[in-house]
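Undergrad: turn this into a model:
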Amino acid sequence: MSSVRELKFYSTAEHACSYLDDRQASTLFADPQSTMSAALYGELSDLGFRRSGNFVYRPHCHPCQACIPVRIPVALFKPNRSQRRVWAMNQDLDVSTTMPGLTEERYDLYDRYIRHRHADGDMFPPSVDQFVSFLQSAWSDTCFIEFRLQGTLIAVAVCDWLPQGMSATYTFFEPLQAARSLGTFAILWQIEECRRMHYHAVYLGYWIQQSAKMRYKSVFRPMEMLIHDEWLMAK
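TA: Next up is the predicted model:
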């Protein structure tokens, strides 16, 4: 098994930033030829890395440091009034932790979600190949958490189990159920599941103060941020 010290890393050339219009971005990738595992990914997660398919990466932009890795220490988390309302509203849903994989039902939901919510983004148009290459990997301990309303699939949270918690990789949901705030509910469910299993944190990826798309992450409090390679409680 590879260790963090043994890994090689490669940086991409600069390219247009997906979140800030006036910025150039660069990405640091762990060597895709290295032997990756859920345990090693857990170590890398504590260093600010994320997964996209089989690839493990983190922003590597200089001098910009806008992308800040964030995680929720589940033992300390306290939902606000809005989050308590979302939790109560969705108690009629059936939630199950399932094996990852492509099914017609899941892909149909993913397709509707991308077309309605991200038609102006890098993931449009959706495709089966994109679904598989983005959400699944050969080495991660991944689960698909399914949320059903009277038997109908209305949301899927793609999560990676880490030795110290859970990485919230991606969530897609029924656009016509926007009033339920299913993205928020999925995170609340993951927090409660990690707390039940005595894990430390739910990793939410990157928060960018100037990005409206990332604003939802900052309302989960308390929150820890990775600043200069040290996890600090957000003010």
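Undergrad: which SS class is the spatially most central residue of the chain?
TA: Nearest residue to the geometric centre of the chain (CA atoms, centre = their mean): Thr169, 2.8 Å. Here Thr169 is recorded as strand under DSSP: H, G, I helix; E, B strand; the rest coil.
Undergrad: show me the strands in this protein, by range?
TA: 9-11, 15-16, 24-25, 27-30, 50-52, 55-59, 68-73, 94-98, 142-149, 152-162, 165-173, 201-207, 224-227, 230-233 (DSSP state E).
Undergrad: state the number of residues packed around the nearest residue to Gln164 once chain neighbours are set aside.
TA: Spatial nearest neighbour of Gln164, chain neighbours left out: His200 (4.8 Å); criterion: CB to CB, 6 or more residues apart in numbering. In this view, the C-beta of every residue, glycine as well, is placed from N, C-alpha and C. A count of nearby residues for His200, using other CB atoms under 10 Å, gives 19.
Undergrad: His200 reaches Val74, doesn't it?
TA: Yes. Taking CB atoms under 8 Å as the definition, His200 is a contact partner of Val74 at 7.0 Å.
Undergrad: how near is the residue of the chain positioned farthest from its centre to Gln65?
TA: Computed with CA atoms, centre = their mean, the residue of the chain farthest from its C-alpha average is Gln150, at 26.4 Å. Distance from Gln150 to Gln65, counting by CB to CB, to the nearest Å: 46 Å.
Undergrad: and Val74, by the same measure?
TA: Distance from Val74 to Gln65, counting by CB to CB: 26 Å.
Undergrad: show me which of those two is the more surrounded one.
TA: Val74 (21 against 10).
Undergrad: ok, that one touching Gly165?
TA: Yes. Using CB under 8 Å, Val74 makes contact with Gly165 at a distance of 7.4 Å.
Undergrad: quick check: neighbours shared by these two?
TA: Residues touching both Val74 and Gly165 (CB atoms under 8 Å, 6 or more residues apart in numbering): 194, 199-202.
Undergrad: still on that earlier bit, for the residue nearest to the centre of the chain, which non-adjacent residue is closest in space?
TA: Excluding the flanking residues, the one nearest Thr169 by CB to CB, 6+ apart is Val158, at 4.4 Å.
Undergrad: the one you found pairs with what?
TA: Beta bridges link Val158 to Phe144, Tyr170, judged by DSSP bridges.
Undergrad: again, but for Ala30
TA: Counting by DSSP bridges, Ala30 forms beta bridges with Phe9.
Undergrad: that one against Phe49, yeah?
TA: Yes. In this structure, Ala30 is within contact of Phe49 by CB under 8 Å, at 6.9 Å.
Undergrad: what touches both of those two?
TA: Jointly contacting Ala30 and Phe49 under the rule CB under 8 Å, 6+ apart are 56-57.
Undergrad: shared neighbours of His200 and Val74, which are they?
TA: 165, 194.
Undergrad: dump the residue contacts of the residue nearest to the centre of the chain.
TA: Applying CB under 8 Å, 6+ apart, we find Thr169 in contact with 50-51, 135, 142, 158-160.
Undergrad: redo these as CSV? Include pLDDT, neighbour count and distance to His118.
TA: Below are these laid out as CSV (pLDDT from 0 to 100; neighbours: other CB atoms under 10 Å; distance: CB to CB, whole Å):
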residue, pLDDT, neighbour count, distance to His118
Arg50, 98, 21, 18
Arg51, 97, 25, 19
Leu135, 98, 22, 14
Thr142, 98, 19, 21
Val158, 98, 23, 15
Cys159, 98, 28, 20
Asp160, 98, 22, 21
